[in-house]
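Undergrad: Here's a sequence, model it:
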Amino acid sequence: MGNTPGRPDKLEHRMEKRIARKRGDVFLRADFSDLGGYDQVGRALRRLVLKGQLMKVGYGLYARAAKSPFSGKPVPPKGLDTLKEGLHRLGVEIAPSRADLAYNSGQSEQVPTGRVVALRGKRTRRQIGYDGFFLIFERARPDRRVEGPKAARRATAPQAPVTMREALRLVWLAGKYPILGNGDWRVAERMESEALERAATAVREPDDLPEFAAWIAGLRDPKLSSDERDDILSAICELFDPGRD
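TA: Below you'll find the model as predicted:
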């Protein structure tokens, strides 16, 4: 039996929910592989593209879609930065192009377009772009910087316990951290890890909701399923950012 016209099926709804909660603007088909079969996920992705929620920017690579104020067509929300985020999601490390280096060092007055991206290490043959606009790849220059002695780790003073509400707010802030470059994912993951560490010793306040303790325990449980995690993070998002689409 087909789906009711005008209503998303269960898989599509679960994917929309996950997209709304995920940090970053770029998604791989593999991000949804636990929700359904390969063909089912592919069909749901195509429907989300037709609805204008996602746009395809490469083979198996999708981005959130925003409407261009000029053409009305779907465009990536952060333009070239979104496309470069796609490279990161593919495990490709990027570096400044030769034009970027020349302009930044004062050797050239020509402002780089930003379309040329230097790749370091792993490369890709995928075209990444939209509406005929694609990134151009070049090999990164060798890094001639000499690494000095490893810096001593900074001693960290013990932190005072936070309230459960504050611990959950730190988790929410980690989820909102903007992903614009290669290192941003590591920063966001570290922020969430530190937030959950502090949550372990969080103090209950009289006005805390009863579910706060359950949310913290769930997020710290390594056996928590991806769906259960998404549900908890959605509830936290609704607590601190009510009405978000």
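
Undergrad: what sits up against stretch 214-228?
TA: 14, 18, 34-35, 164, 167-168, 171, 196, 199-200, 202, 229, 232-233, 235-236 (Cβ atoms under 8 Å, 6 or more residues apart in numbering). Glycine gets a C-beta too; all of them are placed from N, C-alpha and C.

Undergrad: And it, what's buried?
TA: 215-216, 218-219 (16 or more other Cβ atoms under 10 Å).

Undergrad: ok, back up a step: the contacts of stretch 214-228 in helices, which ones?
TA: Applying DSSP state H to these, the entries found in helices are 14, 18, 164, 167-168, 171, 196, 199, 229, 232-233, 235-236.

Undergrad: all helices of this structure, in order?
TA: Going by DSSP H, the chain shows helices at 10-21, 38-50, 80-89, 98-104, 164-176, 184-199, 211-219, 226-240.

Undergrad: So which of these is the most surrounded?
TA: helix 80-89 (a mean of 21; mean count of other Cβ atoms under 10 Å).

Undergrad: what pLDDT, on average, does it get?
TA: Mean pLDDT, computed over helix 80-89, is 90.

Undergrad: coming back round to it: which of the buried residues of stretch 214-228 lies closest to residue 121?
TA: Using Cβ to Cβ, residue 219 comes nearest to residue 121 of these, at 33.0 Å.

Undergrad: re earlier: and the two most separated of the buried residues of stretch 214-228?
TA: Greatest spacing in the buried residues of stretch 214-228, by Cβ to Cβ: 216 and 218 (7.2 Å).

Undergrad: about what we covered before: out of the buried residues of stretch 214-228, who's nearest residue 125?
TA: Nearest to residue 125 among the buried residues of stretch 214-228, with distances taken as Cβ to Cβ, is residue 219, at 38.2 Å.

Undergrad: What confidence value was assigned to residue 2?
TA: 48.

Undergrad: picking that back up, rebuild the helices of the chain as TSV, extending it with distance to residue 132.
TA: Output for the helices of the chain, formatted as TSV (distance: least, Cβ to Cβ, whole Å):
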stretch	distance to residue 132
helix 10-21	25
helix 38-50	17
helix 80-89	13
helix 98-104	21
helix 164-176	32
helix 184-199	28
helix 211-219	43
helix 226-240	35
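
Undergrad: Specify which member of the buried residues of stretch 214-228 is nearest to residue 118.
TA: Using Cβ to Cβ, those come closest to residue 118 at residue 219, 37.6 Å.

Undergrad: From residue 135, how far out is the closest one?
TA: As for residue 219, its distance to residue 135 is 36 Å (criterion: Cβ to Cβ, to the nearest Å).

Undergrad: residue closest to the middle of this structure?
TA: By Cα atoms, centre = their mean, the chain has its centre lying nearest to residue 24, at 2.2 Å.

Undergrad: In this structure that one contacts residue 85, no?
TA: Yes - counting by Cβ atoms under 8 Å, residue 85 is a contact partner of residue 24 at 6.1 Å.

Undergrad: Break this structure into its domains for me.
TA: 10-139, 164-240 (automatic domain parsing).

Undergrad: weakest of the ones you listed in terms of mean pLDDT?
TA: domain 164-240 (a mean of 82).

Undergrad: could you check the distance from the closest residue to residue 80 other than its chain neighbours over to residue 189?
TA: Nearest non-adjacent residue to residue 80, counting by Cβ to Cβ, 6 or more residues apart in numbering: residue 114, 4.7 Å away. Counting by Cβ to Cβ, the gap from residue 114 to residue 189 is 26 Å.
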